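Enquirer: need a structure here:
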Amino acid sequence: MSEQFFDIAIIGAGPAGTACALALKESGLKVALLDKSEFPRDKVCGDAIGGRVKKVLNEISPELLSGLNTYPLKNLSSGWKLFAPNGKTIEVNFVNPGYVSKRFDFDDLLFRKVSGQNNLSVINTGISNIQSDENEIEIITDAGNKITAKLVIGCDGAHSIVAKKLAGFKVDHRHYSGAVRAYYQDVEGTANSELLEIHLVKGFLPGYFWIFPLHNNLCNVGFGMLSSDIKERRIDLKVALKQIIQTSPQLSARFRSAKLVDDVTGFGLPLGGIQRNVSGHRFMLCGDAASLIDPLTGEGIGNAMLSGMYAARQAVNCFTKNSFTAADMKAYDDTVYTKLLPELKKNLFMQRAFNRPWLINILVNVAIANPGLKNWFAKKL
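Expert: Predicted coordinates for the structure are as follows:
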């Protein structure tokens, strides 16, 4: 067994992990970034990159934001279009537009930004176990090697081993969603579109179908539902996705000439909206590992990167004081939840309200008649 020593081990090289590593670039700390996959790699997701991502990148370094803004493998998302169960629609423009980019491309863009950092070692490995004691965290890799760190930052997604082993997290189906995603070429009405489409289809509620236009006439198409509803209805999301495309009068015509370019693939979304302990003795959790996904929109990249940046700042504070207790780490929880919890709670309430089709229809009718309500939505999303 070989053994390596680091100040900080970041587990997971997705948006949360890379944001954290980027924010630690000038820290002078010896950092390991661990991921089981080699990049570029696919990450099953809706591919929507909210406007918060731009703010985080700009705060870490304006050069990073410039790199994203000029990146060719993306499409602008200027707003969303909601298709209500009664067939009516509303369009809302984002106050802070974002992008849509395949995670295969976007995550690789971020990974390439960190892979050359002088203070960073990228280690391609899975993790079989992780445990802490008073003085350090011990990580055992799939190959049986040992990595020791003074502090671990868990950015390892919905099935985080850090969250399970160190925070005792378990799946809560009331605050968890399942979804499936596929890529389609040439969906009618999406060429040059900057609108994220959300379809609430009769017979498939509560749940929503989406069409998110990417570049080159490609679309991320998917269907998601709360895990508790999936379990109660015993629904197969892959079958439901195909049924919606084939049987919905509005959608079937638009997909008539569209081409499925990959397999339909599933993924889980640990939703925010309730307060959990996202840190403890010598560890912090970020992004999906901390259950920070927006419960209304399902978007999690912006919150993941924001929490990764906050974790980096807390890590520097801990090393400055040379103290890594749970009480020290509580400052990270406070920072994350002061910024995100009110928003997540509001959107959790809205998500539960929107599970009532009649209420959605009423709200859409009111929004059509009242442009001020649409403007209110735009500011909240």
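Enquirer: who touches the closest residue to residue 263 other than its chain neighbours in this structure?
Expert: Spatial nearest neighbour of residue 263, excluding adjacent residues (Cβ to Cβ, 6 or more residues apart in numbering): residue 182 at 7.1 Å. In short, each C-beta sits where N, CA and C put it, glycine included. Contacts for residue 182 (Cβ atoms under 8 Å, 6 or more residues apart in numbering) come out as 220-222, 241, 260, 262-265.
Enquirer: Residue 182 looks like it's in a strand, true?
Expert: Yes: counting by DSSP: H, G, I helix; E, B strand; the rest coil, residue 182 is located in a strand.
Enquirer: is it in a bridge, and if so with what?
Expert: residue 221 (DSSP bridges).
Enquirer: wait, which of the contacts of residue 182 is closest to residue 49?
Expert: The shortest approach to residue 49 among the contacts of residue 182 belongs to residue 220, at 11.4 Å (Cβ to Cβ).
Enquirer: if I look at the closest one, how far off is residue 235?
Expert: In this view, residue 220 and residue 235 are 21 Å apart by Cβ to Cβ, to the nearest Å.
Enquirer: that older thread, pLDDT and neighbour count added to the contacts of residue 182, as TSV?
Expert: Below are the contacts of residue 182 laid out as TSV (pLDDT from 0 to 100; neighbours: other Cβ atoms under 10 Å):
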residue	pLDDT	neighbour count
220	98	23
221	98	26
222	97	26
241	97	22
260	97	14
262	91	10
263	93	10
264	96	18
265	96	15
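Enquirer: any idea how far residue 226 is from residue 277?
Expert: Note on residue 277: its distance to residue 226, by Cβ to Cβ, is 23 Å.
Enquirer: Can you read off the pLDDT for the residue nearest to residue 263?
Expert: For residue 182, the pLDDT comes out at 98.
Enquirer: roughly how far apart are it and residue 366?
Expert: Counting by Cβ to Cβ - residue 182 and residue 366 are separated by 34 Å.
Enquirer: in this protein, which spans are helices?
Expert: All helices of the chain, identified by DSSP state H, fall at 15-23, 51-60, 62-69, 103-114, 161-166, 227-233, 237-247, 249-254, 301-321, 326-353, 357-369, 371-380.
Enquirer: Kindly report the domain assignment for this structure.
Expert: The chain breaks down into these domains under automatic domain parsing: 3-74+101-172+273-350, 174-269+353-380.
Enquirer: Leaving aside the residues adjacent along the chain, what's closest to the one residue sitting closest to the centre of the chain?
Expert: Geometric centre of the chain, nearest residue: residue 300, 2.6 Å, by Cα atoms, centre = their mean. Closest residue to residue 300 apart from its sequence neighbours, by Cβ to Cβ, 6+ apart: residue 293 at 3.7 Å.
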